[in-house]
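# Okay, structure incoming, though there's no sequence with it:
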């Protein structure tokens, strides 16, 4: 993955994105609670596609350290400001494409929320996440399944992308995601 078109799009969107509210807070809290059941206080965690750092910061007390990466430098700037404001010393944020290995790898857990439908090569990103996870560790992904969206939206997004108003979006379903995970050698433990 390169830091070109996607980075430019997300850099432009970062400020507005950081001010937007989580649309379904109970569902988000449920996701965080499920993630916590898979992470031990001694774990080292990588979050790929961390955006403005909300999830990494919310999980900062669940692990000994969390590294969050994102392709957008502006998103990372905002995440670092939030970490500073919250005095979150166990969380570090870096500007990196989703498929770049971190020198601290392997991690006990590798996370990705609302990212895989936004990358052009899902297999490459999942393989990178898997390679950065210790044997016996966990890879946790949450991906919106957009394949069933209306044909109008599926046709509109590529046009919006051409004029810079939308990022790349893959219209995936559960099978697409499961296949990418299985290709990377992962065993699916839980879906929902």
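That came through fine. Here the structure is a predicted model, which is why all the values come from computation and not from measurement. Numbering: from 1, shown residues only.

# just how off-centre is the helix or strand bottoming out on mean pLDDT in the chain within its chain?
Counting by mean pLDDT, DSSP states H and E, the chain has its least confident helix or strand at helix 151-162, which shows a mean of 81. Using Cα atoms, centre = their mean, to the nearest Å, the distance from the centre of helix 151-162 to the centre of the chain it belongs to is 23 Å.

# List the contacts of it.
166-169, 171 (Cβ atoms under 8 Å, 6 or more residues apart in numbering). Quick note: C-beta positions are derived from backbone N, CA and C, even for glycine.

# Now restrict these to buried residues only.
167, 169 (16 or more other Cβ atoms under 10 Å).

# Going by distance to residue 82, which of the contacts of helix 151-162 wins?
Proximity of those to residue 82 was ranked by Cβ to Cβ; the top entry is residue 167 with 22.0 Å.

# Is the closest one in contact with residue 8, as I believe?
No: proximity of residue 167 to residue 8 does not meet the contact threshold set by Cβ atoms under 8 Å, at 9.7 Å.

# and the helix or strand containing residue 111, how far from the chain's centre?
Counting by DSSP states H and E, the element that carries residue 111 is strand 107-113. A distance of 9 Å separates the centroid of the chain from that of strand 107-113, by Cα atoms, centre = their mean.

# And that strand, what does it pack against?
The criterion is 3 or more Cβ pairs under 8 Å, 6 or more residues apart in numbering; DSSP states H and E, and the helices and strands that strand 107-113 contacts are helix 25-38, strand 44-48, helix 122-131, strand 133-142.

# what does the third one rub up against?
Helix 122-131 is touched from outside by 1, 46, 48, 98-101, 105-106, 110, 112, 115-116, 119, 139, 141, 170, 172, 176-177, 180-181, 183-186, with contacts defined as Cβ under 8 Å, 6+ apart.

# State the distance from the most far-flung residue of the chain relative to its centre to residue 76.
For the chain, the residue at maximal distance from the C-alpha centroid (Cα atoms, centre = their mean) is residue 152, at 26.5 Å. Counting by Cβ to Cβ, to the nearest Å, the gap between residue 152 and residue 76 amounts to 34 Å.
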